[in-house]
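S.K.: How does the following fold in three dimensions:
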Amino acid sequence: MIHTIDATDKTIGRLSTAIVHILRGKHNVDFVPYLITGDQVEVTNLTKAKFTGKKFTQKEYYHFSGYPGGLKTKKLSDVWVKDPGFVLRNAVSHMLPNNKLRNEIMKNLIIK
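M.R.: Below is the predicted model of the structure:
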């Protein structure tokens with residue numbers, strides 16, 4: 001089953017928690033944490049989502065290569081202009097449990 005969520009005037013955090021709830025299958029009666037019992041989620045109008053506070057200008061994403069001096073930072077505002085889907089995928093991915101099912105569950109997220 002495909003659930004369609006309109007992201008217009010919704011904050012990214014609240015939106016991603018609703019998405020994770022459906023992706024994991026917690027809305028189903030037969031939910032078990034070690035199986036994928038969730039549904040597909042399709043997100044539309046992501047560019048019309050909003051941020052609260054000063055997150056849009058102050059939040060940074062970090063990537064460390066493992067070498068000295070290899071820490072790279074990107075501001076949320078720069079990433080949002082280039083690819084708004086990355087921001088939502090990153091938020092949803094970090095809300096899912098860190099195990100083998102994470103990548104399989106993330107395949108059920110469709111961003112348009």
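S.K.: From now on I want contacts and neighbour counts done on CA atoms only, so please keep to that.
M.R.: Will do.
S.K.: separation between the one residue sitting closest to the centre of the chain and residue 16?
M.R.: Centroid check for the chain by Cα atoms, centre = their mean gives residue 92 as the closest residue, at 2.7 Å. As defined by Cα to Cα, to the nearest Å, residue 92 lies at a distance of 5 Å from residue 16.
S.K.: again, but for residue 27
M.R.: For residue 27 relative to residue 16 (Cα to Cα), the value is 15 Å.
S.K.: who has more neighbours, the two?
M.R.: residue 16 (21 against 13; other Cα atoms under 10 Å).
S.K.: can you confirm that one is in a helix?
M.R.: Yes - Residue 16: assigned to a helix according to DSSP: H, G, I helix; E, B strand; the rest coil.
S.K.: and it, what does it touch?
M.R.: 88, 91-92 (Cα atoms under 8 Å, 6 or more residues apart in numbering).
S.K.: Mind doing that once more with 10 Å?
M.R.: 7, 10, 22, 88-95 (Cα atoms under 10 Å, 6 or more residues apart in numbering).
S.K.: and which of the residues you listed is nearest residue 71?
M.R.: Closest approach to residue 71 among these (Cα to Cα): residue 90, at 18.2 Å.
S.K.: Could you report the neighbour count for residue 5?
M.R.: 16.
S.K.: Could I get the full set of helices for the protein?
M.R.: With DSSP state H as the criterion, the chain has helices at 12-24, 55-58, 76-82, 84-95, 101-106.
S.K.: now, of these, which is deepest in the fold?
M.R.: helix 12-24 (a mean of 19; mean count of other Cα atoms under 10 Å).
S.K.: from the middle of its chain, how far away would that helix be?
M.R.: 8 Å (Cα atoms, centre = their mean, to the nearest Å).
S.K.: how far off helix 84-95 does that helix point, in degrees?
M.R.: Here the directions of helix 12-24 and helix 84-95 differ by 60 degrees (axes from the mean of the first three to the mean of the last three Cα atoms, to 10 degrees).
S.K.: List the residues that contact residue 102.
M.R.: 24, 36, 92-96.
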